[in-house]
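**Q** Fold the following for me, if possible:
(chains A and B)
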Amino acid sequence: MARTVCLLILGATQALFCSDIFWFSYKIVTVNSLVIYEQKNIASAMIPYEGKLQELCTIELTNPLNLPKEQFLRKHFDDILPCFYQISSHLLAWNEQHLKHGNDRIELVIEPVRFTVDFKDEFATINAIR
Amino acid sequence: MNRWFVTLLASLGFVILIAGCSSKNEPPKNPKDAAYDFSNEKSIVVYGEGIASQNTVSPAQAIALAKRAAITDGYRQLGEKLYGVKINSSETVRDAMLRDSRITAQVNALIKDAAITDATFKDGLYSVRMEVTMSARRWHELFAY
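**A** Residues are numbered from 1 along each chain as shown, chains lettered A, B, ... in the order given. Here you go, the predicted structure:
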């Protein structure tokens, strides 16, 4: 019983300290220059991680309603997405030509990366943690 | 006089011969040194294109999706230049006539630090200019593993 309580306290503490670290990943699939699939992921990190900070960008973004950070980031996913393009993007492309027919499919994946957001005045600074 | 002329010509020929055999004073090139050479930077520029979809809830969504398709196309072109394209092709000819033709091109790439330097939207076509600066040193830093 005591061990369970200790583990619960440890878990809660970790969640509290990790609340500012998030995971980001993204996948997009286009066929013949049209977007057919998008997968957008933002989630809180469950385990604390101390890595090297790499500033990705500073964008004009405010949180006037004081929404929880995760919810706010999910809401503004499209605004923060361009910041992550510069990180390693994995690409798979197929182009098939069969007589008169052509089919062009591209899959772009931004691999999962930890990041933090710092709000200051009207700006938000996004840092990747490596 | 004729003997002097022949001697002069022979001397000149000898000097040219010796000069041709002499080695240059350049130090031998070490392949590892090229990795730390900052001078040979080269920018790779591509223009990615994306089409605005008809099935969207608003024109803004169509533009946003077209931009993403254009960026994806740009990445593909960068991947083609950095890693190359794998081509598979087959053709069937029967009775001296082409019956079937299939060409498959594949790109598999990992791209880092590409920048979008310009973007335009006109007549339903979104075009982005993308750029990645590469040198031998940078290549090793980003892609060698």
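
**Q** List the single closest residue to A:Asn32 in space, sequence neighbours excluded.
**A** If the residues on either side of it in the chain are set aside, A:Asn32 comes closest to A:Asp104, at 5.3 Å by C-beta to C-beta, 6 or more residues apart in numbering or on different chains. (Glycine included, C-beta is placed from N, CA and C.)

**Q** Quick check, the one you found in contact with A:Val29.
**A** No. The criterion here is C-beta atoms under 8 Å, and A:Asp104 misses it with A:Val29 at 11.4 Å.

**Q** quick one: the strands in chain B?
**A** Assigned strands in chain B, in chain order: B:42-51, B:86-94, B:97-111, B:115-122, B:125-134 (criterion: DSSP state E).

**Q** can you count the residues close to the residue nearest to A:Asn32?
**A** The burial metric for A:Asp104, expressed as a neighbour count using other C-beta atoms under 10 Å in any protein chain shown, is 17.

**Q** Helix or strand, whichever it is, which one in chain B has the lowest mean pLDDT?
**A** Among the helices and strands of chain B, helix B:31-34 carries the lowest confidence by mean pLDDT, DSSP states H and E, at a mean of 60.

**Q** buried ones in stretch B:70-81?
**A** Within stretch B:70-81, the residues that qualify as buried are B:Ala70, B:Ile71, B:Thr72, B:Asp73, B:Gly74, B:Tyr75, B:Arg76, B:Gln77, B:Leu78, B:Gly79, B:Glu80, counting by 16 or more other C-beta atoms under 10 Å in any protein chain shown.

**Q** That one close to chain A?
**A** Yes. In this structure, stretch B:70-81 sits against chain A according to C-beta under 8 Å from any C-beta of the partner chain; the contacting residues are B:Ala70, B:Ile71, B:Thr72, B:Asp73, B:Tyr75, B:Arg76, B:Gly79.

**Q** number of nearby residues for A:Phe24?
**A** Residues within reach of A:Phe24, counting by other C-beta under 10 Å, total 24.

**Q** Show me what it is bridged to.
**A** Using DSSP bridges, the bridge partners assigned to A:Phe24 are A:Ile42, A:Val113.

**Q** A:Leu92 too?
**A** Those that pair with A:Leu92 in a beta bridge, by DSSP bridges, are A:Glu107, B:Asn108.

**Q** and what of A:Val117?
**A** Beta-bridge partners of A:Val117, as defined by DSSP bridges: A:Ile126.

**Q** in chain B, which segments are predicted with low confidence?
**A** B:1, B:16-39, B:142-145 (pLDDT under 70).

**Q** same deal with chain A?
**A** With pLDDT under 70 as the threshold, chain A has low-confidence stretches at A:1-3, A:5-19.

**Q** Next to chain A in this structure, residues from chain B, please.
**A** Contact residues of chain B with respect to chain A, defined by C-beta under 8 Å from any C-beta, are listed as B:49-51, B:53, B:64-65, B:68-73, B:75-76, B:79, B:100-116.

**Q** Now the buried members of these.
**A** For the residues of chain B next to chain A, a neighbour count by 16+ other C-beta under 10 Å gives the buried set as B:50-51, B:53, B:64-65, B:68-73, B:75-76, B:79, B:105, B:107, B:109-111, B:113-114, B:116.

**Q** and the closest residue to B:Glu91 other than its chain neighbours, what does it touch?
**A** The shortest distance from B:Glu91 to any residue that is not its chain neighbour, by C-beta to C-beta, 6+ apart, is 4.8 Å, and that residue is B:Ser101. For B:Ser101, the contacting residues are A:Gln97, A:His98, A:Leu99, B:Ser89, B:Ser90, B:Glu91, B:Thr92, taking C-beta atoms under 8 Å, 6 or more residues apart in numbering or on different chains as the criterion.
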